[in-house]
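>>> Sequence first, predicted model second:
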Amino acid sequence: MDLVVFSLTICALTILIFSLFCAVVSGIVMQRRIHNDLRHQVEAHEPIRAEAGFPNETGFSLSTPNFLPLVKLSWRIVYPDYLPTRIRLSADKRLLEEIIPRKRCKSDTVIRAFTVSDVLGFCRYSWRQTQEVPCMVLPRTNSIKPLPLLRSLTAEDGIPNPSGDPDGDRMEIRRYVPGDSVRNIMWKVYARNRQLNVRLAEKSVFHSRRTVAYLLGSRNDEAAAAVARIALESGVLGEDWAFAADGAEQACESLPVALEAVARSRAIGSAHAYGLDHFLDSAIANAGAHCIVFAAAELTPWLGPLKNTIARYSGQFSLVLATDGLNDIPWPGLWQRLLLTDGRNRSKDEKNGGSRAELLNLLTDLSQLVESTLIVDRKTGLSFDHKLRKV
């Protein structure tokens, strides 16, 4: 019996030592090979462009480690985000990388965590490798329907509107008050009835040819970023527009640069600073211009700074709020709690969606400060007004 136990121990130690030798030697060889391949392909490798929620090939591939038996190679991307990575075997026996991002991101480098292990799982050799390649992941648009034409309103002679400046036609008539100019008095009316009336310019606005839009970042802003992407790609901002987002250094006036700003607006490390004030000061020469703001339909830290911006800025604002569904889910009953069905099977979009009561509180808080409000549900693709009526 002792000889049997001794023989089994020797066999187990032999297998363990052999697995350790294969994993370490293969790991060192693969690490040097991958390092040399990435160093020689710095300029030849194309930038990584992907869309969240779908399988995307990155163009990164490696040869299979077949110089030692019982060894397998795996890796995953850990920066700019922990991206779920799938490895496929091509027809020419190469390992192809495929990622399925969950959220948008933008970076100039990609870090992968490689692991060489034996097939029995006894030993593994791991390291991280950095590749200097641009990586941009755009938000998933789902079934968002085409948005109405988002155009800016600027105070000038055009459409009658109480929010505009008195730059329209002289059509407003009222009684004279101290301080009115004498040239505005209607002298013919005064000659008939001895009443002093004045004719003033009507407050009006017009559809500006230049549209300005901004994306506010927050924790659950993926739906807002998707709506901003749809607005940019479908051309609903018009021909002449300026766009920026939290994390962008300057205003964007072309589609590729604007899409990069949308992807970069999601902070990987520390949160981006509130940048709407800087954007309005630098990108808009006309102080009375109209600004369209994309944001998440939830109570977020940008609510207070946005109120201050609206109070300080002389122009008008329109809000486009986005969400991943309105979750009016009742409290589960006793049998549901006993059967462990209290929402464990809810989808991720439902967990990220906001409640109808919270959204109504947000709309009540902001509807008095902005010109108009549009709510877009990325899950269903429907749009609603400030009273949650379908548009």
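Perfect, I can see it now. Residues are numbered from 1 along each chain as shown.

>>> tell me, what residue is most central in the protein?
The chain has Ala225 as the residue nearest its centroid, 3.1 Å off, counting by Cα atoms, centre = their mean.

>>> Contacts only, for Trp127.
The neighbourhood of Trp127, defined by Cβ atoms under 8 Å, 6 or more residues apart in numbering, consists of Gly27, Gln31, Ala113, Phe114. For the C-beta atoms, the positions are set from N, CA and C on the backbone; glycine is no exception.

>>> okay, those in CSV with distance to Ser318, neighbour count and pLDDT next?
Conversion of those to CSV gives the following (distance: Cβ to Cβ, whole Å; neighbours: other Cβ atoms under 10 Å; pLDDT from 0 to 100):
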residue, distance to Ser318, neighbour count, pLDDT
Gly27, 56, 22, 90
Gln31, 54, 16, 92
Ala113, 44, 16, 96
Phe114, 48, 18, 95
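
>>> Out of the residues you listed, name the ones that lie in strands.
In strands, defined here by DSSP state E, the members of the contacts of Trp127 are Ala113, Phe114.

>>> Mark out where each domain of the chain begins and ends.
Using automatic domain parsing, the domains assigned to the chain come out as 37-138, 169-202, 206-384.

>>> closest to Lys145 out of those?
domain 206-384 (4.7 Å; Cβ to Cβ).

>>> Got the confidence number for the residue nearest to the centre of the chain?
If you check Ala225, the pLDDT there is 95.

>>> just the CA coordinates of whichever strand or helix holds it, formatted as CSV?
For Ala225, the element it lies in under DSSP states H and E is helix 222-234. C-alpha atoms of helix 222-234 as CSV (Å, rounded to 0.1, in the frame of the first residue of the first chain):
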residue,chain,number,x,y,z
GLU,A,222,-24.8,55.7,-22.3
ALA,A,223,-28.3,56.4,-23.7
ALA,A,224,-27.6,60.1,-23.9
ALA,A,225,-24.4,59.5,-25.8
ALA,A,226,-26.3,57.2,-28.2
VAL,A,227,-28.9,59.9,-28.9
ALA,A,228,-26.1,62.5,-29.5
ARG,A,229,-24.4,60.0,-31.9
ILE,A,230,-27.7,59.6,-33.8
ALA,A,231,-28.2,63.4,-34.0
LEU,A,232,-24.7,63.8,-35.4
GLU,A,233,-24.7,61.0,-37.9
SER,A,234,-28.3,61.7,-39.2
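
>>> still on that earlier bit, hmm, Ser265 and the residue nearest to the centre of the chain touching each other?
Yes: when contacts are counted by Cβ atoms under 8 Å, Ala225 is listed as touching Ser265 (6.3 Å).

>>> which residues are common contacts for the two?
Arg104, Leu215.

>>> Off-centre distance for the helix holding Ala225?
8 Å (Cα atoms, centre = their mean, to the nearest Å).

>>> For Leu280, which non-adjacent residue is closest in space?
Tyr313 (5.9 Å; Cβ to Cβ, 6 or more residues apart in numbering).

>>> and Ser61, bridged to which residues?
Under DSSP bridges, the beta-bridge partners of Ser61 are Leu96.

>>> which residues does it contact?
Ser90, Arg94, Leu95, Leu96, Glu97.

>>> Same list, the domains of the chain, but as TSV with distance to Cys22 please.
Converted to TSV, those look like this (distance: least, Cβ to Cβ, whole Å):
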stretch	distance to Cys22
domain 37-138	5
domain 169-202	85
domain 206-384	36
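
>>> Can you say which of the ones you listed is packed in most?
domain 206-384 (a mean of 18; mean count of other Cβ atoms under 10 Å).
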